[in-house]
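Novice: Could you look at this predicted model? Sequence included:
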Amino acid sequence: MHLAIRQFRQIALMLTLLIAFASSVALAQSGIGNGDSNWITVENVKKQGNTLIFSEVQIEGDGWLVIHPFMNGAPNGDRVVGRTFLESGTNSDVEVEIHKGIAAGEMMIVMLHSDNNKNGEFDFIFIDERNVMDLAVFEGATMIGHAIPAP
Ligand SMILES: [Cu+2]
């Protein structure tokens, strides 16, 4: 499991508790989002069959747009339900097929992974208890990703 997703899950839990006391807790504190050089546009995501289409994805260095599912209400970074190769730079109308299908409103994590070893293969192989070989993309403490509902 990615450290960041584990933290996100813990923070999500804490947020749930906090929301009981204050209704306006900033989700920006969750540690995931867009950066200055890496981002995923998550407005107006489109769906055609089992394929999601993101209007713009920017990544520094080749990598992957990856979809992780939510299971039992929490993000599960150990599972991958969709991925698409990205070339370094700006990628437009990026299509990701979700083989299992995805229902409207179903929550997911969409995030970036780097093709560190530049082999063009998606190396989702754990190298320790937190990280996979094709590391999650970070800018500072922000993991480039979003928790969003499927359109
Ligand atoms: Cu990931």
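Specialist: Cool, the structure landed.

Novice: now the helices for the protein?
Specialist: Listed in chain order, the helices of the chain (DSSP state H) span 3-19.

Novice: near the ion, which residues of it show up?
Specialist: Contacts of the chain with the ion, taken as Cβ under 5 Å from the ion, map to 66, 111. (Glycine included, C-beta is placed from N, CA and C.)

Novice: lowest average confidence, helix or strand, in the chain?
Specialist: Between all helices and strands in the chain, the lowest mean by mean pLDDT, DSSP states H and E belongs to helix 3-19, at a mean of 63.

Novice: Apart from its neighbours in sequence, what residue is nearest residue 62?
Specialist: Leaving aside its chain neighbours, residue 62 sits nearest to residue 115 (4.4 Å; criterion: Cβ to Cβ, 6 or more residues apart in numbering).

Novice: Thought residue 63 was touching that neighbour, still the case?
Specialist: Yes: in this structure, residue 115 is within contact of residue 63 by Cβ atoms under 8 Å, at 5.0 Å.

Novice: So if I had to pick from the two, which one is more boxed in?
Specialist: Between residue 115 and residue 63, residue 63 has the larger neighbour count (other Cβ atoms under 10 Å), namely 27 against 22.

Novice: ok, now which ones touch the more buried one?
Specialist: Contacts were defined as Cβ atoms under 8 Å, 6 or more residues apart in numbering; by that measure residue 63 touches 85, 86, 88, 112, 113, 114, 115, 134, 137.

Novice: picking up where we left off before, which residues are in contact with each of residue 115 and residue 63?
Specialist: 85, 134.

Novice: The closest residue in space to residue 140 that isn't next to it in sequence and the ion: what is the separation?
Specialist: Spatial nearest neighbour of residue 140, excluding adjacent residues (Cβ to Cβ, 6+ apart): residue 35 at 7.7 Å. Residue 35 is 15 Å from the ion, where distance means Cβ to the ion, to the nearest Å.

Novice: do the same with residue 89
Specialist: Look at residue 89 and the ion: by Cβ to the ion, they are 21 Å apart.

Novice: dump the residue contacts of that residue.
Specialist: Per Cβ under 8 Å, 6+ apart, neighbours of residue 89: 58, 59.

Novice: repeat that for 10 Å
Specialist: With contact set as Cβ atoms under 10 Å, 6 or more residues apart in numbering, residue 89 has these partners: 57, 58, 59, 60, 61, 62.
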